[in-house]
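Peer 1: Structure, please.
(chains A and B)
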Amino acid sequence: MPKKLRIGWFSFSCCEDSTIIFTELLNDHYRQWKDKIEFCSALVLRKKSTVKDLDVAFVEGAITSRKQEEKLRQIRRESKKLVAIGACACIGMPSSQRNLFNEKTNKEIQNILIRFNYAKTVRKLSEVVNVDDFVHGCPMDENIFLATVNKYLKEFKII
Amino acid sequence: MHNLDLKLADISKIEGKASCEISVKNGKVQKVAFSIAEYKRFYTQAICGKDMIALPQLTARICGTCSNAHLLCALKAVEKIVGLIPSPQTIYLRKLLNYGLIIRDHGLHLYVFVMPDLFHKDSILDFDENNPEEHKYLDDTFKVKAAGNNLSKAIGGRSVHAPFLTVGGFTKLPDQNQLIKLIPELQGIRKTVLDLIELFGERDFSLIRDDIDFAAITDNEYSFLYGDLIRSDGSVVPSENYGKYLEHVVIPYSHASGYKFMGKVYMVGALARLNLAKKNLHQKTQTSTQKYLKKFPSQNIFHNNLAQAIEILHAIDSSIDILNKLKITPEKPIVPQRKKGKGVGVIEAPRGTLYYNLELDDSGKIVRGQIVVPTGQNQIGIEGSIRKYLEKNMALDKSREEIELDVEKIVRAYDPCMSCASHFLKFKWLPE
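Peer 2: A predicted model of the protein is given here:
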């Protein structure tokens, strides 16, 4: 069986707009990708998930808790390349709006932060792990995403 | 199975993250804790001090899939406060944008999230292209979603966070020729959607909840954007008073709050709309779906899927009508007058009633705002439905895996959106 690019699609704190764009890109690209890409983990598409020995991890969203940080580090360990997808993953905003709250607003949200073990600040992916590529935009720029997929299809000698 | 301890950490094929903990001892359900596991992004706090013109595009970022619903609801609330009445052309275009959202969003839910359950598959990507029926539905998935996506793109500039919409109108108007080209694409998926309706009308699952109410806003054209709130008992609540009847419920183990309506568990979304207002659907939709419309009103929560499929057809028929008569004339957005005030915007988002309650200062900055989303309102009902299912099924010889899958199917039937539900901290009413 010809080798496929083993990818994962992961979401942290964000509105998942790029996930929607990704599912819409499948309308035009699924048949072209199905023999070249193996969707090892994509909770939006399937329950079965394998986060192991991935070629590329596409990661959407910012990191807002220790639990998310640990999961991101695990994804990084299991992926040869990691791509930050969309504004929250690339620059932190708008999910990191709470980093800019004043003291009064911070007091308002304090109980929730403590109860659910939020991190002190919300961080973009590159503040937690090494990021190989960035697909900016809110939602992600479709053309840059497609170019990134093609780049890795070539780099991993799938095409 | 008489004893069960189950923790579903990541429920799949839904928008966002949710989990569920279940405990059954000696056949008695001890615990069901459905929780929204999405971390909050505190939009209720973040919008304070923002300009009213910037607000709709900011709150669109609460949720990717429902973004255009947030945009339309925020615009409605802001325009209400400043007394701005949009032009008839703007209203038509907003309706078209929303119909595009309904087609794409319901399409994603039904084809990608739910349909694999009907075929005993994990994913639409597992459909066998050598099997004629599965091949057809895979084709249909992409065709229907693309038509909704293209409609939203043509009107709003993008299907997610549509950039052309602003307070008072559109910053860029669609091209007339582009609009005309949408008609054959929409006509082309009509038969496809009728097949989808038949599939969900004949093959879906059943879980009867005869203990819940339904609520939805509707007008005589089932526009999703206008009208008053109707309840199961037939009572009508002016949409601007909607929030006054909601009871905020803190769910300690969930990142998001729940709601009751006048103390009762209720459901919002396509099933509620069909139950309460099927007579307002497009006439052509009613004629084509007579056989399945007879199933409504229904207390079967899985009929939310059938209701969504019928709503896709309604969105297609209504869009074709508008596209056939709309002649785009150049117009700039109406410039709003900045003034102090309070106002409510309520619309039917794909998953149910969406409520914005805003207060502006005299320079047009947000003083306070509250947003109640459909999934928050359905959260208590989802948990109750899982409990009901367990009470009915624990005596049966079902495996742990079967129960786990059935619980996921129930959650998916509600089509919850966790990104929406976890945007805020706490609902507080504005002082009268």
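
Peer 1: quick one: the helices in chain A?
Peer 2: In chain A, the helices defined using DSSP state H lie at A:17-33, A:66-77, A:86-91, A:103-115, A:142-155.

Peer 1: measure stretch B:279-296 end to end?
Peer 2: Distance between the two ends of stretch B:279-296: 11 Å, counting by CA to CA, to the nearest Å.

Peer 1: Return the most buried member of the helices of chain A.
Peer 2: Of those, the one with the most neighbours on average (mean count of other CB atoms under 10 Å in any protein chain shown) is helix A:86-91, at a mean of 27. The way it works is simple: take the backbone N, C-alpha and C, and place the C-beta from them, glycine included.

Peer 1: Am I right that B:Ser298 is in contact with B:Leu276?
Peer 2: No: B:Ser298 lies out of contact with B:Leu276 (CB atoms under 8 Å); the separation is 11.5 Å.

Peer 1: any shared contact partners between the two?
Peer 2: Common contact partners of B:Ser298 and B:Leu276 (CB atoms under 8 Å, 6 or more residues apart in numbering or on different chains): none.

Peer 1: Just list the residues touching residue 4, thanks.
Peer 2: Assuming you mean chain A. Shown in contact with A:Lys4 (CB under 8 Å, 6+ apart): A:Asp35, A:Lys36, A:Ile37, A:Glu38, A:Ile158.

Peer 1: not quite, I wanted chain B
Peer 2: B:Ile22, B:Ser23, B:Val24, B:Met394, B:Arg400, B:Ile403.

Peer 1: Checking the third one next. Helix, strand or coil?
Peer 2: In other words, B:Val24. Here B:Val24 is recorded as strand under DSSP: H, G, I helix; E, B strand; the rest coil.

Peer 1: tell me the phi and psi of the nearest residue to it once chain neighbours are set aside?
Peer 2: Nearest residue to B:Val24, sequence neighbours excluded (CB to CB, 6 or more residues apart in numbering or on different chains): B:Leu4, at 4.2 Å. Here is the backbone geometry of B:Leu4 (degrees, to the nearest 10): phi -160, psi 130.

Peer 1: Select, out of the helices of chain A, the one closest to chain B.
Peer 2: Chain B lies closest to helix A:17-33 among the helices of chain A, at 3.1 Å (CB to the nearest CB).

Peer 1: Can you give the distance of that closest one from its chain's centre?
Peer 2: 15 Å (CA atoms, centre = their mean, to the nearest Å).

Peer 1: Quick check: mean pLDDT of that helix?
Peer 2: The pLDDT scores in helix A:17-33 average 94.

Peer 1: what number of residues lie near residue 122?
Peer 2: Going with chain A. 27 (other CB atoms under 10 Å in any protein chain shown).

Peer 1: The chain in question should be chain B.
Peer 2: 16.

Peer 1: and if you look at B:Tyr253?
Peer 2: B:Tyr253: 13 surrounding residues under other CB under 10 Å.

Peer 1: was I right about it contacting B:Lys31?
Peer 2: No: if you go by CB under 8 Å, B:Tyr253 and B:Lys31 don't touch, sitting 10.1 Å apart.

Peer 1: shared neighbours of the two, anything?
Peer 2: Common neighbours of B:Tyr253 and B:Lys31, counting by CB under 8 Å, 6+ apart, are B:Glu21.

Peer 1: Surely B:Phe34 forms part of a strand?
Peer 2: Yes: checked against three-state DSSP, B:Phe34 lies within a strand.

Peer 1: burial count for it?
Peer 2: Neighbours of B:Phe34 (other CB under 10 Å): 29.

Peer 1: give me every residue that touches the closest residue to B:Val268 other than its chain neighbours.
Peer 2: Nearest residue to B:Val268 in three dimensions, chain neighbours excluded: B:Gly352, at 2.8 Å (CB to CB, 6+ apart). Going by CB under 8 Å, 6+ apart, B:Gly352 touches B:Ala216, B:Met267, B:Val268, B:Gly269, B:Ala272, B:Pro374, B:Thr375, B:Gln377, B:Asn378.

Peer 1: ditto for B:Pro336
Peer 2: B:Pro336 sits in contact with B:Met52, B:Ile53, B:Val78, B:Glu79, B:Val82, B:Leu84, B:Val167, B:Gly168, B:Gly364, where contact means CB under 8 Å, 6+ apart.

Peer 1: just to revisit the earlier point, turn the contacts of A:Lys4 into CSV, including distance to chain B and neighbour count.
Peer 2: Converted to CSV, these look like this (distance: CB to the nearest CB, whole Å; neighbours: other CB atoms under 10 Å in any protein chain shown):
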residue, distance to chain B, neighbour count
A:Asp35, 11, 11
A:Lys36, 13, 15
A:Ile37, 10, 21
A:Glu38, 10, 17
A:Ile158, 17, 16
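
Peer 1: So in chain A, where's the weakest helix or strand by average pLDDT?
Peer 2: Sorted by mean pLDDT, DSSP states H and E, the helices and strands of chain A end with helix A:103-115, the least confident at a mean of 89.

Peer 1: which bits of the stretch 101-250 of chain B sit near chain A?
Peer 2: Near chain A, the residues belonging to the stretch 101-250 of chain B are B:104, B:108, B:112, B:116, B:122-126, B:142-143, B:145-146, B:149, B:158-161 when assessed by CB under 8 Å from any CB of the partner chain.

Peer 1: These in strands, which ones?
Peer 2: Taking DSSP state E, every one of these sits outside strands.

Peer 1: Restricted to helices, list those.
Peer 2: B:Arg104, B:Pro116, B:Phe142, B:Lys143, B:Lys145, B:Ala146, B:Asn149.

Peer 1: out of the residues you listed, who has the most neighbours?
Peer 2: That'd be B:Arg104 among those, by other CB under 10 Å, with 31 neighbours.

Peer 1: Could you measure from the nearest residue to that one once chain neighbours are set aside over to B:Gln176?
Peer 2: The shortest distance from B:Arg104 to any non-neighbouring residue, by CB to CB, 6+ apart, is to B:Gly148 (3.1 Å). To B:Gln176, B:Gly148 is 21 Å away according to CB to CB, to the nearest Å.

Peer 1: go on, A:Ile158?
Peer 2: Separation of A:Ile158 from B:Gln176 (CB to CB): 43 Å.

Peer 1: In chain B, which residue sits nearest chain A?
Peer 2: For chain B, CB to the nearest CB, closest residue to chain A: B:Gly64, 3.1 Å.

Peer 1: dump the residue contacts of the nearest residue to that residue once chain neighbours are set aside.
Peer 2: Nearest non-adjacent residue to B:Gly64, counting by CB to CB, 6+ apart: A:Asp17, 3.1 Å away. For A:Asp17, the contacting residues are A:Gly86, A:Cys138, A:Pro139, A:Met140, B:Arg61, B:Gly64, B:Thr65, B:Ser67, B:Val160, B:His161, by CB under 8 Å, 6+ apart.

Peer 1: out of the ones in helices among the residues of the stretch 101-250 of chain B next to chain A, who's nearest B:Phe224?
Peer 2: Proximity of those to B:Phe224 (CB to CB) peaks at B:Arg104, which lies at 13.8 Å.
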